[in-house]
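1. Sequence and computational prediction follow.
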Amino acid sequence: MTLPELPLSTPSLLFPAISLLMLAYTNRFLGLANVVRGLHASWQSTQEPMLLKQIQNMRKRIQIIKHMQSLGVLSLMFCVVSTTLIFFDRQTGGQITFGMSLLLMLGSLTLSLVEIQMSGTALDLQLRDVKCREE
């Protein structure tokens, strides 16, 4: 099976998308870091079990975000390699590395979806003790 020739512009299209994703991931990480600092300070003063569950959830989410960022960076690196290979007329290598870049991006986005789901769980933990009333 032969693949159609990959133009130089195709891998280059991912550069802005990956950059924006990395910015969003970094903002998410910084937001979580601030929440963790607040939770940690509260937990030190109260030792409330609910806070411990939230901190454990945050720890997992931070690990996932680190993996999301790593896969995103690797995706960008593979895009650069792909563009370079295509530039030097190495189509097969460029196609393979571009495909790997897409798979890495897919992995990063999948982890992002997992982290978003965990974020919802964390909010549910926070609101568990609140009784909703219809007025």
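-> That came through, no problem.
2. Packing partners of whichever helix or strand residue 54 is part of?
-> Assessed by DSSP states H and E, residue 54 sits inside helix 49-87. Helix 49-87 sits against helix 9-12, helix 14-46, helix 91-127, with contacts defined as 3 or more CB pairs under 8 Å, 6 or more residues apart in numbering; DSSP states H and E. C-beta: built from backbone N, CA, C; applies to glycine.
3. Closest to the centroid, which residue in the chain?
-> Geometric centre of the chain, nearest residue: residue 68, 3.2 Å, by CA atoms, centre = their mean.
4. what pLDDT does that one get?
-> pLDDT recorded at residue 68 is 94.
5. Could you pull up the residues touching it?
-> 25, 108, 111, 112, 115 (CB atoms under 8 Å, 6 or more residues apart in numbering).
6. Quick one: neighbours of the nearest residue to the last one once chain neighbours are set aside, just the number.
-> The one in question is residue 115. Computed as CB to CB, 6 or more residues apart in numbering, the closest residue to residue 115 that is not its neighbour in sequence is residue 64, at 4.6 Å. By the criterion of other CB atoms under 10 Å, residue 64 has 17 neighbours.
7. what about residue 64, distance to residue 43?
-> In this view, residue 64 and residue 43 are 21 Å apart by CB to CB, to the nearest Å.
8. Which of the contacts of residue 68 lies at the shortest distance from residue 100?
-> residue 108 (12.7 Å; CB to CB).
9. how much space is there between the closest one and residue 76?
-> 10 Å.
10. what's the answer for residue 13, then?
-> Counting by CB to CB, the gap from residue 13 to residue 76 is 12 Å.
11. So between those two, which is more surrounded?
-> Using other CB under 10 Å, the more surrounded residue of residue 13 and residue 76 is residue 76, with 20 against 10.
12. what's the neighbour count on the residue nearest to the more buried one when sequence neighbours are not counted?
-> Take residue 76 and drop its neighbours on the chain: the residue closest to it by CB to CB, 6+ apart is residue 18, 4.6 Å away. Using other CB under 10 Å, residue 18 has 19 other residues around it.
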